[in-house]
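Enquirer: Sharing a model prediction with you, sequence too.
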Amino acid sequence: MTMIFGVPLAVFMGQLMLGLINGAFYALLSLGLAVIFGLLKIVNFAHGAMYMLGAFATLLGMRYLGIGYWVALLLVPIVVGGLGMVIERLILRRIAHLDHLYGLLLTFGLALIVEGTLINVFGVSGSSYPTPAALQGGFQLGFMFLPTYRAWVLVAALAVCLGTWYVIERTRLGAYLRAGTENPALMQAFGVNVPLLVTLTYGFGVALAAFAGVLAAPLYPVSPTMGSSLLIVVFAVVVIGGMGSILGAVLTGLGMGLIEGLTKVYYPEAANTVIFLVMILVLMLRPAGLFGKEA
């Protein structure tokens, strides 16, 4: 039996794959946070609730409307993203001129309302969502068995993350987004509808969280608390990568997932805290984050 530092190869690679899957979710969620904070300067504590709503909408859509997985993958991010746009337009815009702390407190309150409402209606126990028929089974790689759905999650998350980075950093639309948030008065003078741009940006960031929720539904129990349990870790990932850094959110999310997976192999007791230990080290050595810009 092949061993890697005293651990069987199958166990090592299995935990590495689990770490990559977790990292894909960290990357998607931290990307949404980075887009919202980097372009709008909103610390969105409702992000975990939007992720949970994505998973719940997928589950309830199947139960009561007969909506399948593939339709939900397209429809749910649009619906939840639309909800995010309404929140930005009716609530967040009213405090946009105030300190960031007000946005943090407001979105935290929204998250508590959403989570509490769903707990009262559905309880705290998780519900399962079936794996789509087309993504059942897996691949025998010799040293491990790779479920098809886990491979799909990794590919889909990476594609969305890299596509988002390309649009924001390499296209004219991305240039408008960055300019509209850095100098809104100038962009307004050039005829750009900056308030609409802000609303669409917030909606897109929320849609990324909902997309992650749809991907998560067949993997993890769908429950009202699934977002809050993940949000603190995702915020730590964003801080490590650099608040507002799009590329930093993606790379750090994947990297922290791998580190967490390897920690489960060699020192399982520290698996739940290793990301926070890395965050403390990064803040001590580079307060702006690994990919952030010094003020």
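Expert: Yep, that arrived.
Enquirer: Identify all contacting residues around stretch 264-276.
Expert: Contact partners of stretch 264-276, identified using CB atoms under 8 Å, 6 or more residues apart in numbering, comprise 5, 7, 11-12, 15, 18-19, 233, 236-237, 240, 256, 259-260, 263, 277. Bear in mind the C-beta positions are built from the backbone N, C-alpha and C, glycine included.
Enquirer: Flag every buried residue along that stretch.
Expert: 264-265, 271, 274-275 (16 or more other CB atoms under 10 Å).
Enquirer: what's the answer for stretch 220-231, then?
Expert: For stretch 220-231, using 16+ other CB under 10 Å, the buried residues are 220, 222-224, 226-228, 230-231.
Enquirer: For it, measure first residue to last.
Expert: Its start and end residues considered, stretch 220-231 measures 15 Å (CA to CA, to the nearest Å).
Enquirer: residues making contact with it?
Expert: So stretch 220-231 is in contact with 25, 29, 45, 47-53, 55-56, 58-59, 111, 115, 118-119, 122, 124-129, 213, 216, going by CB under 8 Å, 6+ apart.
Enquirer: all helices in the stretch 101-250 of the chain, in order from the N-terminus.
Expert: With helices called from DSSP state H, counting those that start in this stretch, the stretch 101-250 of the chain shows them at 148-170, 172-182, 184-189, 194-216, 228-241, 246-266.
Enquirer: Just the C-alpha atoms of the third one, please, in CSV.
Expert: Pointing back at helix 184-189 there. Below are the C-alpha coordinates for helix 184-189, written out as CSV (Å, rounded to 0.1, in the frame of the first residue of the first chain):
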residue,chain,number,x,y,z
PRO,A,184,-19.7,58.0,-9.4
ALA,A,185,-20.1,61.7,-10.1
LEU,A,186,-17.8,61.5,-13.1
MET,A,187,-19.5,58.5,-14.5
GLN,A,188,-23.0,60.1,-14.0
ALA,A,189,-21.7,63.0,-16.0
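Enquirer: before we move on, back to that, may I ask which two of the buried residues of stretch 264-276 are separated the most?
Expert: V265 and I275 (15.6 Å; CB to CB).
Enquirer: backbone phi and psi for N44, please?
Expert: For N44, the backbone dihedrals (degrees, to the nearest 10) come out as phi -90, psi 90.
Enquirer: Can you give me every residue that contacts it?
Expert: Contacts of N44 by CB under 8 Å, 6+ apart are 32-33, 36-37, 103, 107, 205.
Enquirer: Quick check: pLDDT value at the nearest residue to R89 once chain neighbours are set aside.
Expert: Of all residues not flanking R89 in the chain, T199 sits nearest, at 5.4 Å (CB to CB, 6 or more residues apart in numbering). T199 carries a pLDDT score of 91 in this model.
Enquirer: Which strands border the helix or strand bottoming out on mean pLDDT in the chain, and is each parallel or antiparallel?
Expert: None of the helices or strands of the chain scores lower by mean pLDDT, DSSP states H and E than strand 3-4, at a mean of 74. When sheet partners are counted by DSSP bridges, strand 3-4 sits next to strand 7-8 (antiparallel).
Enquirer: packing partners for the helix or strand just after the partner strand?
Expert: Counting by DSSP states H and E, the next helix or strand C-terminal to strand 7-8 is helix 9-40. Judged by 3 or more CB pairs under 8 Å, 6 or more residues apart in numbering; DSSP states H and E, helix 9-40 is in contact with helix 47-60, helix 148-170, helix 172-182, helix 194-216, helix 228-241, helix 246-266.
Enquirer: With respect to I78, which of those helices lies nearest?
Expert: Closest to I78 of those, according to CB to CB: helix 194-216, at 6.8 Å.
Enquirer: And the closest one, what's buried?
Expert: In helix 194-216, the ones that count as buried by 16+ other CB under 10 Å are 194, 197-216.
Enquirer: do stretch 166-184 as well
Expert: Buried residues in stretch 166-184 (16+ other CB under 10 Å): 168, 174, 177, 179-181.
Enquirer: Could you check how far that stretch is from the centre of its chain?
Expert: 21 Å (CA atoms, centre = their mean, to the nearest Å).
Enquirer: Let me know the average pLDDT across it.
Expert: Rounded mean pLDDT across stretch 166-184 is 81.
Enquirer: got the contact list for that stretch?
Expert: For stretch 166-184, the surrounding residues in contact (CB under 8 Å, 6+ apart) are 35, 39-41, 186-187, 192, 194, 197-198, 201, 246-247.
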